[in-house]
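1. my questions concern the predicted model and sequence given below.
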Protein chains: 2
Amino acid sequence: MNKDSIYKNIRAQGGRITKVRGEIVQILCKADCLMPQADILACLKKQKMNPNRSTIFRELLFLTKNNILIKNNISGVDCYEIQQDHHHHLVCLNCNSIIKIEVGGHLAKQEKQIAKRNKFDIINHSLEFYGYCRNCQA
Amino acid sequence: MNKDSIYKNIRAQGGRITKVRGEIVQILCKADCLMPQADILACLKKQKMNPNRSTIFRELLFLTKNNILIKNNISGVDCYEIQQDHHHHLVCLNCNSIIKIEVGGHLAKQEKQIAKRNKFDIINHSLEFYGYCRNCQA
DNA sequence: ATATTTGCAAACGTTTTGCATAGTG
DNA sequence: CACTATGCAAAACGTTTGCAAATAT
């Protein structure tokens, strides 16, 4: 997903491309993985920007409501990433880094069966593997 | 898992069977599914008990450290259940009810592959399906 | 008697809201 | 101009800790 198509998408929905919003989109496009709000703020500061937490919160809410971002709570902290292909994550229990992975297609089939069997209307799912990343295996 | 074997387990590790602790174990045995601390407190109140939040917090911490409970954060809230067979959950986006489900064994195989491919030491995983339960499909 | 468990009060981190101001189209 | 986006302050919420009192073995 590139930022220009996202900007277009935002404008189409009546949103404006402001400095903060544009930068958040770019940061998440570049990161290409789940990030907590605190990390996003840290990146903004590197770009010499220092928006209020509530602003970032509302930006992330806005972008999530407009289906540009996906929100996923990891161990109690809300994390966000660009909405695109569905995938899963490896979460390091030591350094909290999050790595994006692809998991084979069995899950989609199983999801249908589970929905039917339990008469449950499944909207989405989250699958995270917790453990220790390459750097933290000591 | 029955409460008596759990009590034995607790005593074996030097823990005492107090009113609050005993009741929490019984509540979770009976519920047989993930419950947030707030719901556990509500159940305790029905039993005419009204322990402090910090007490429940420390009980859940104690029971989790002693491998009697499993802790799982669902949408930002810590939830607990009796440690037994590994399974997954359906989470209702409307009423927040949590339903326990069994998912076929493909995941175990995939987990090994993922660990190897990413040189990631996987300790556990969590798989939750979000959607609408039977009562909330309106 | 001693170590464990509990209550109370308060800190903490993150998420969320209200209102006034600034900025965008 | 009208509406959107932002900053500030503070509330809300769940989690966590310190210390003193109560309780289980």
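-> Sure, I can see it. Numbers count the residues shown, from 1 in each chain, chains lettered A, B, ... in the order given.
2. contacts, neighbours, all on C-alpha from now
-> Fine.
3. can you count the residues close to A:Ile10?
-> A:Ile10: 19 surrounding residues under other CA atoms under 10 Å in any protein chain shown.
4. can you confirm it is in a helix?
-> Yes - assessed by DSSP: H, G, I helix; E, B strand; the rest coil, A:Ile10 belongs to a helix.
5. next, the residue nearest to the spatial centre of chain A: secondary structure please.
-> The residue lying closest to the centre of chain A (CA atoms, centre = their mean) is A:Glu81, at 2.0 Å. Following three-state DSSP, we place A:Glu81 in the strand state.
6. measure it to A:Leu41 for me?
-> 14 Å (CA to CA, to the nearest Å).
7. ditto for A:Ile56
-> 8 Å.
8. next: A:Leu69.
-> Counting by CA to CA, the gap from A:Leu69 to A:Leu41 is 16 Å.
9. show me where chain A has its helices.
-> A:3-12, A:19-31, A:37-46, A:53-65, A:106-118 (DSSP state H).
10. dump these to a markdown table, plus mean pLDDT.
-> Shown next, in a markdown table, are those (pLDDT from 0 to 100):
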| stretch | mean pLDDT |
| --- | --- |
| helix A:3-12 | 90 |
| helix A:19-31 | 95 |
| helix A:37-46 | 94 |
| helix A:53-65 | 96 |
| helix A:106-118 | 92 |
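11. DNA strand C: which of those helices is closest?
-> Nearest to DNA strand C, of all the helices of chain A, is helix A:53-65, at 4.4 Å by CA to the nearest atom of the strand.
12. quick one: that closest one to chain centroid distance?
-> 12 Å (CA atoms, centre = their mean, to the nearest Å).
13. I figured A:Trp56 hits A:Gln37, correct?
-> To be clear, residue A:56 is Ile; Trp isn't right here. Yes - shown here, A:Ile56 and A:Gln37 form a contact pair, counting by CA atoms under 8 Å, at 7.3 Å.
14. neighbour count winner among the two?
-> Per other CA under 10 Å, whichever of A:Ile56 and A:Gln37 has more neighbours is A:Ile56, with 20 against 17.
15. show me the contacts for that one.
-> By CA atoms under 8 Å, 6 or more residues apart in numbering or on different chains, A:Ile56 lies in contact with A:20, A:37, A:41.
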